[in-house]
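Peer 1: sequence and predicted structure, then a few things I'm wondering about:
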Amino acid sequence: MAKKDLIYSDQQSMFGAREIIGFGSDEFSVKEIDRNRANEIIIKNHYSGKITNHTYIHLGVYLKTQMLGVLQIGYAMNPASGGGIVEGTKSDEFCELNRMWLDDKLPRNSESMAISYAVRYIRSKYPKLRFLMSFADERCGGYGIVYQAANFQYYGEHTNIFWELDGQYFHNVIMTNGSDQSKQARILRARKNEAQKIELRQFRYIYWLKQRYKKECKLREQPYPKHYAENPNGFEKTEAGRDFKKYGRVAENVD
């Protein structure tokens with residue numbers, strides 16, 4: 001088995017030590033890539049076709065020397081939500097997996113391996129962070145099985161509102177956050193009467209980068225939800241693009 005370890009830059013930093021840029025082995029690894037390159041790949045390949053402005057960690061997923069995936073990690077869509085999980089947690093003391101795309105050329109279980117390697121990198125590169133959070137929803141038939149395989153803990157489900165417009169789906173925060181002046185937000189608000197409101201169940205997963213904060217968590221850890229029958233080709237990748245209207249519910253009488 002190939003040895004797994006932190007990956008360092010070739011050049012020393014101004015402080016003398018080489019910089020951590022990834023984690024893995026010669027066979028499989030995650031390594032830092034340029035933000036613009038990551039954005040281009042996500043826009044081209046991710047089922048949403050969109051990026052977020054919250055990301056600051058951009059990792060390429062490599063099979064030997066070939067990059068076949070991207071993970072984007074950054075601030076939560078609701079930066080204040082950290083305090084609702086652990087009292088006093090600031091927006092820069094936790095992070096969220098915002099986007100992930102992996103090529104089907106990668107071997108089975110690459111999703112959970114890539115996330116696990118990203119965790120090892122983050123823990124070493126960003127020691128200030130307390131936990132990594134991510135969500136699965138009804139678009140993915142597995143209810144977050146990749147997070148289960150990567151040893152995240154499960155903290156229950158809630159419903160969230162999305163808006164469908166011209167075949168694209170937008171989180172409710174884009175509709176309601178008046179400070180968001182992005183092009184997407186302006187278009188969605190201007191055409192609100194044309195958009196369809198969709199309610200989806202979302203499943204919250206947390207990986208504790210610092211275990212002591214788990215004891216202070218306000219949420220109750222729960223048993224993993226049961227996933228759908230597993231597709232031997234990696235069903236979360238193949239089901240990720242399914243229509244919300246099949247897995248979601250049209251939201252009625254929701255503020």
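Peer 2: On my side now, so go ahead.
Peer 1: now do the helix or strand containing residue 162, average pLDDT.
Peer 2: According to DSSP states H and E, residue 162 maps onto strand 153-165. For strand 153-165, the mean pLDDT works out to 87.
Peer 1: in that strand, what counts as buried?
Peer 2: Under the neighbour-count criterion of 16 or more other CB atoms under 10 Å, strand 153-165 has 153, 154, 155, 157, 160, 161, 162, 163, 164 buried. C-betas here are computed from N, CA, C, even on glycine.
Peer 1: now do stretch 59-66
Peer 2: In stretch 59-66, counting by 16+ other CB under 10 Å, buried: 59, 60, 61, 62, 63.
Peer 1: I'd guessed residue 147 sits against residue 135; true?
Peer 2: No: the pair residue 147 / residue 135 is not scored as a contact, 9.1 Å apart, by CB atoms under 8 Å.
Peer 1: where do the strands sit along the stretch 101-250 of the chain?
Peer 2: Applying DSSP state E, counting those that start in this stretch to the stretch 101-250 of the chain gives strands spanning 131-137, 153-165, 168-171, 196-208, 249-250.
Peer 1: these: which one's closest to residue 44?
Peer 2: strand 168-171 (15.1 Å; CB to CB).
Peer 1: now residue 83. Its backbone dihedrals?
Peer 2: With angles defined as degrees, to the nearest 10, residue 83 sits at phi -70, psi -20.
Peer 1: now do the contacts for the closest residue to it other than its chain neighbours.
Peer 2: In space, and not counting its chain neighbours, residue 83 is closest to residue 89: 5.4 Å by CB to CB, 6 or more residues apart in numbering. Neighbour list for residue 89: 82, 83, 130, 213 [criterion: CB atoms under 8 Å, 6 or more residues apart in numbering].
Peer 1: could you pull out the helices in the stretch 51-200 of the chain for me?
Peer 2: Secondary structure of the stretch 51-200 of the chain (DSSP state H, counting those that start in this stretch): helices at 110-125, 145-149, 172-176, 183-190.
Peer 1: for those, which one sits closest to residue 219?
Peer 2: Set against residue 219 and scored by CB to CB, those come closest in helix 145-149, at 15.1 Å.
Peer 1: okay, residue 146: pLDDT?
Peer 2: 90.
Peer 1: that one reaches residue 115, doesn't it?
Peer 2: Yes: Residue 146 lies in contact with residue 115 (CB under 8 Å); the separation is 6.6 Å.
Peer 1: kind regards, and thank you for your time.
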